[in-house]
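**Student:** Here is a sequence with its predicted model. Questions after.
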Amino acid sequence: MMMNLFSSFDPSTNFNLSMNWLSTFIGLTFIPIMFWKIPSRTLMLWNKILTTLHKEFKTLISSYKSQGNTLMMISLFSLILFNNFIGLFPYIFTSTSHMVLTLTLALPFWMSFMIFGWINNTIHMLAHLVPTGTPGILMPFMVCIETISNIIRPGTLAIRLSANMIAGHLLLTLLGNTGSSMSIMMLNLLVIVQILLLVLESAVAIIQSYVFTVLTTLYSSEVI
């Protein structure tokens, strides 16, 4: 085990096994059985959220050829949101703070979009390399810029999610480690600040899962 600031992001255990990755799925056991059996308030609220997301993703895609893509994006949103929230609990490994997971989510989606677009809509994909109204002398440069920006998309998706998860957890850890050397008055202030940061991290967990899914949906709409 690493005895430094980043030890909480170390997926290895004392047995030199990456068993902390089980946090990606073990949190499913926390969901009550009644959530799956009868229409409880929690289930109704979750269905309302998913219905709203389905309508928004359907508007973003806006194509009859990919009507089932919204279900895939909703599943992606649920997976990222679930793992972001699980990582907020003490002593639970945050899997979305690692590029191993975030790049595994972003790269296959981007590759499938690119393969589908260049095989089925080659002219459409070539037209995306040169924005409308670009002067002729700038067209070669715009092709290079658009190509590079297209290639780095999975990397930006993965880094954005992992960096936001790491930043909040590091801030909470840094402030928490200073508590032992503080006075009672400052300790009370520290507790209030930690609670506010935890609320902020909960909002970040929702926002980042939404941003990741919306950007993936927008990338898919460009190749259709």
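**Tutor:** Looks like it arrived, so ask away. Numbering: from 1, shown residues only.
**Student:** Sort out which residues of the lengthiest helix in the chain are buried, please.
**Tutor:** Using DSSP state H, we find that the single longest helix of the chain is helix 184-221. Applying a neighbour-count criterion of 16 or more other C-beta atoms under 10 Å, one finds 197, 201, 204-205, 208-209, 211-217, 219-221 buried in helix 184-221. Yep, even glycine has a C-beta here, placed from its N, CA and C like the rest.
**Student:** Show me which of those is closest to Phe82.
**Tutor:** Using C-beta to C-beta, Ser209 is the member of the buried residues of helix 184-221 that lies nearest Phe82, at 8.6 Å.
**Student:** In contact with that closest one, which residues are there?
**Tutor:** 77, 80-81, 84 (C-beta atoms under 8 Å, 6 or more residues apart in numbering).
**Student:** In TSV, list these along with pLDDT, secondary structure and distance to Ala106.
**Tutor:** Converted to TSV, the contacts of Ser209 look like this (pLDDT from 0 to 100; DSSP: H, G, I helix; E, B strand; the rest coil; distance: C-beta to C-beta, whole Å):
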residue	pLDDT	secondary structure	distance to Ala106
Phe77	92	helix	14
Ile80	91	helix	11
Leu81	90	helix	16
Asn84	90	helix	15
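**Student:** quick one: average pLDDT of the longest helix of the chain?
**Tutor:** Helix 184-221 shows a mean pLDDT of 90.
**Student:** ok so, going back, which two among the buried residues of helix 184-221 are spaced furthest apart?
**Tutor:** Leu197 and Ser221 (35.4 Å).
**Student:** so how far is the longest helix of the chain off the chain centroid?
**Tutor:** 12 Å (C-alpha atoms, centre = their mean, to the nearest Å).
**Student:** What ranges does the protein have for its strands?
**Tutor:** With DSSP state E as the definition, the chain shows no strands.
**Student:** which residues in it form helices?
**Tutor:** Counting by DSSP H, the chain has helices at residues 23-26, 34-37, 41-61, 69-86, 99-120, 122-128, 139-151, 153-177, 184-221.
**Student:** Nearest to Phe93, out of those?
**Tutor:** Among the helices of the chain, helix 23-26 sits nearest to Phe93 (C-beta to C-beta), with 4.6 Å.
**Student:** helices or strands up against that closest one?
**Tutor:** helix 69-86 (3 or more C-beta pairs under 8 Å, 6 or more residues apart in numbering; DSSP states H and E).
**Student:** buried sites along the helix it packs on?
**Tutor:** Of all the residues in helix 69-86, those buried under the rule 16+ other C-beta under 10 Å are 69-70, 72-74, 76-86.
**Student:** so where's this protein shaky on pLDDT?
**Tutor:** Where the chain drops to pLDDT under 70, the residues are 1-19, 27, 30, 32-36, 63-67.
**Student:** ok so, going back, pick the one among the buried residues of helix 69-86 closest to Phe116.
**Tutor:** Among those, Asn69 lies closest to Phe116 (C-beta to C-beta), at 11.0 Å.
**Student:** which residues does that closest one contact?
**Tutor:** Applying C-beta under 8 Å, 6+ apart to Asn69 gives the contacts 57, 61, 217, 220.
**Student:** what's the closest of the residues you listed to Asn20?
**Tutor:** Using C-beta to C-beta, these come closest to Asn20 at Thr217, 30.2 Å.
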